[in-house]
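In: Could you work out the structure for the sequence below:
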Amino acid sequence: MSTRGLILSAIRSGSGKTVVATALVAALRRRGLSVATAKSGPDYIDPAFHALASGRPSPNLDTWAMPPELLDIVATHAAARADLFVIEGALGLFDGVAGPRGRRGATADLAARFALPVVPVLDVSGQSQTVAAVLRGLMAHETGVRIAGVILNRVASERHRALIADAVAEIGLPVLGAVLRDAALALPERHLGLVQAEEQADLEARLAAASDVVERSIDCDALVALAEPLAIATSAARRLPPPGRRIALARDVAFSFVYPHLLEGWRAEGAEIVPFSPLADEPPGADCDACWLPGGYPELHAGRLAANGNFLDGLRRFAETRPVHGECGGYMVLGEGLVDASGQRHRMAGLLSHATSFETRRLSLGYREARLLADGPLGPAGSLVRGHEFRYAREIETGGDAPFAEIADASGRSFGPGGGRRGLVTGSWFHAVAPA
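Out: The predicted structure follows:
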């Protein structure tokens, strides 16, 4: 593979890295480069911005949830026929779970595995020369992780930039750019992160404006010159099986959280994906043999979903003879009711007996390992599947269904049984990524 790559990382969330990375990809693309992207860790939202900027799908690379062989295959496929492969990190560069290097879910694991240089995007507001000390620490922290340069973000002035650049020069690291605070680099946010790309009608104009700022502020040629060849030896990898041969996939702004590598794996096994929109009152296709309701934002559209009888009745009919599985938001819709932020309860499909609420928010976030308690869409009973939870909604009625899986966190701490199954219907808060 002739593709060259690099990693854009940070020292914490909220550094403005996603906006800078997306705008940079767009700027490089309009210079004539073919740019491929990927996102470190579990994240459904940022890759959609990458895809808009690059014009190609942006998968996730998760060193805790994915077997190493699957990481290699997903990265190779993503980077194919591109001039540059840009991986955007998550959280801070070394942030992950406790465990051996290479399987922590940290961006640094990817840097070491793929031997790619790292360029931190640092929010330098409220500091100056201390930035050099932070970078010195990043450079020395782990062998196999190479810091190749830095992009300064949210710089206050030319004097601010000069103070930092002089200090960084003393440690021999190139400053590739300094991005001033600019309204063009702000994107709207809500409870799970940035507002989804497909919900922002003016996003292309916003992206163009942000790209103008980034291209003026960053030495794009120097950045590209730092990239290293991506050399990966691929072998067969374990993937989650397709739940059917012709899969009805709920797909709209209420149901958008599905990982590209899952769909790619299902298609590689010969399955066909048939999208439908619950928000448009569409039922799952009658010619499909399985239905998948991914996560998303049904809590923001609960009233509309409850009123969509064609969707709900069609889903109920489908479940009489064919498997239906719901993840997180999909699990909420499979229950008896969903309470929205205002406290109003809306009737859902009633295919499982639990009820959920978004009225009193409580964050549940982290990696999860699920041991399946019965044969189902994620595999046979006893299988271990890795994934994650990321939600603010909670279960207010547990119902009486049989549990879907035994759930544990990344350290092996058990949360006990979770989710539900009744007949051909299954669901849980768990977002599946790959077999353990």
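In: what number of residues lie near Leu365?
Out: Neighbours of Leu365 under the rule other Cβ atoms under 10 Å: 11. Every residue, glycine included, has its C-beta placed from N, CA and C.
In: Now do the contacts for it.
Out: Leu365 makes contacts with His388, Glu389, Phe390, Arg391, as judged by Cβ atoms under 8 Å, 6 or more residues apart in numbering.
In: Verify the stated contact: the third one with Gly41.
Out: Yep, that's Phe390 we're talking about. No: using Cβ atoms under 8 Å as the test, Phe390 is too far from Gly41 to be in contact (10.6 Å).
In: Would you reformat the contacts of Leu365 as a markdown table and include pLDDT and distance to Ala132?
Out: Shown next, in a markdown table, are the contacts of Leu365 (pLDDT from 0 to 100; distance: Cβ to Cβ, whole Å):
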| residue | pLDDT | distance to Ala132 |
| --- | --- | --- |
| His388 | 97 | 35 |
| Glu389 | 96 | 38 |
| Phe390 | 93 | 35 |
| Arg391 | 94 | 39 |
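In: ranking those by neighbours, who comes first?
Out: Of these, with other Cβ under 10 Å as the count, His388 tops at 24 neighbours.
In: Tell me the secondary structure at Gly382.
Out: Of the three states, Gly382 takes coil according to DSSP: H, G, I helix; E, B strand; the rest coil.
In: Where does pLDDT dip in the stretch 51-200 of the chain?
Out: Under the criterion pLDDT under 70, the flagged ranges of the stretch 51-200 of the chain are 183-200.
In: Start from the N-terminal end of it and give the helices.
Out: Secondary structure of the stretch 51-200 of the chain (DSSP state H, counting those that start in this stretch): helices at 68-79, 107-114, 130-141, 158-169.
In: which residues are in contact with the third one?
Out: For helix 130-141, contacts defined as Cβ under 8 Å, 6+ apart pick out 11, 93-94, 118, 120, 122, 124, 147, 150, 152, 164, 167-168, 170-171, 173.
In: Show the buried residues in the residues you listed.
Out: Buried members of these, scored by 16 or more other Cβ atoms under 10 Å, are 11, 93-94, 118, 120, 122, 124, 147, 150, 152, 164, 167-168, 173.
In: Could you work out the most separated pair of the contacts of helix 130-141?
Out: Using Cβ to Cβ, the contacts of helix 130-141 span at most 23.3 Å, a distance reached by Phe94 and Glu170.
In: got a list of what Leu315 touches?
Out: Contact partners of Leu315, counting by Cβ under 8 Å, 6+ apart, are Pro283, Pro284, Cys291, Val324, Ala349, Leu351.
In: can you check Asp123 too?
Out: Ala10, Arg12, Gly14, Ser15, Gly16, Asn153, Arg154.
In: Could I get the buried ones among the contacts of helix 130-141 in CSV, plus columns for distance to Pro377?
Out: As requested, the buried ones among the contacts of helix 130-141 are exported to CSV (distance: Cβ to Cβ, whole Å):
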residue, distance to Pro377
Ile11, 39
Leu93, 35
Phe94, 35
Val118, 37
Pro120, 40
Leu122, 43
Val124, 47
Ile147, 42
Val150, 45
Leu152, 47
Ile164, 51
Ala167, 54
Val168, 51
Leu173, 48
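In: Among those, which lie within strands?
Out: Cross-referencing the buried ones among the contacts of helix 130-141 against strands under DSSP state E gives Val118, Pro120, Leu122, Val150, Leu152.
In: which one of these is nearest Gly89?
Out: Of all these, Val118 has the smallest distance to Gly89: 7.9 Å, by Cβ to Cβ.
In: gap between Pro417 and Ser411?
Out: Going from Pro417 to Ser411 by Cβ to Cβ, to the nearest Å gives 19 Å.
In: Could you do His141 as well?
Out: The spacing between His141 and Ser411, counted by Cβ to Cβ, is 22 Å.
In: Kindly report the same for Gly99.
Out: For Gly99 relative to Ser411 (Cβ to Cβ), the value is 8 Å.
In: Can you give the domain ranges for this structure?
Out: Domain ranges of the chain: 4-229, 246-435, per automatic domain parsing.
In: Turn those domains into JSON lines, including distance to Ser235.
Out: Formatted as JSON lines, the domains of the chain follow (distance: least, Cβ to Cβ, whole Å):
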{"stretch": "domain 4-229", "distance to Ser235": "5"}
{"stretch": "domain 246-435", "distance to Ser235": "15"}
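In: Gly309: how many residues sit nearby?
Out: The tally of other residues near Gly309 (other Cβ under 10 Å) stands at 10.
In: Just the buried residues of the helix or strand in which Glu264 is found, please?
Out: Assessed by DSSP states H and E, Glu264 sits inside helix 260-268. For helix 260-268, burial by neighbour count (16+ other Cβ under 10 Å) applies to Pro260, His261, Leu262, Leu263, Glu264, Gly265, Trp266.
In: Can you name the next helix or strand after that helix?
Out: Moving toward the C-terminus from helix 260-268, the next helix or strand (DSSP H and E) is strand 272-276.
In: Each with direction, which strands does the very next helix or strand once past that next one pair with?
Out: Using DSSP H and E, the helix or strand that directly follows strand 272-276 along the chain is strand 290-293. The strands beside strand 290-293 in its sheet (DSSP bridges) come out as strand 246-250 (parallel), strand 324-327 (parallel).
In: which one of the ones you listed is the most hemmed in?
Out: Highest mean neighbour count of the strands paired with strand 290-293: strand 324-327, a mean of 28 (counted as mean count of other Cβ atoms under 10 Å).
In: Tabulate the contacts of Asp123 (TSV), appending neighbour count and distance to Arg56.
Out: Listed next are the contacts of Asp123 as TSV, based on neighbours: other Cβ atoms under 10 Å; distance: Cβ to Cβ, whole Å:
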residue	neighbour count	distance to Arg56
Ala10	26	24
Arg12	12	29
Gly14	10	27
Ser15	22	25
Gly16	20	23
Asn153	25	25
Arg154	20	29
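In: so which pair among the residues you listed is furthest apart in space?
Out: Within those, Arg12 and Arg154 form the most distant pair, 12.8 Å apart (Cβ to Cβ).
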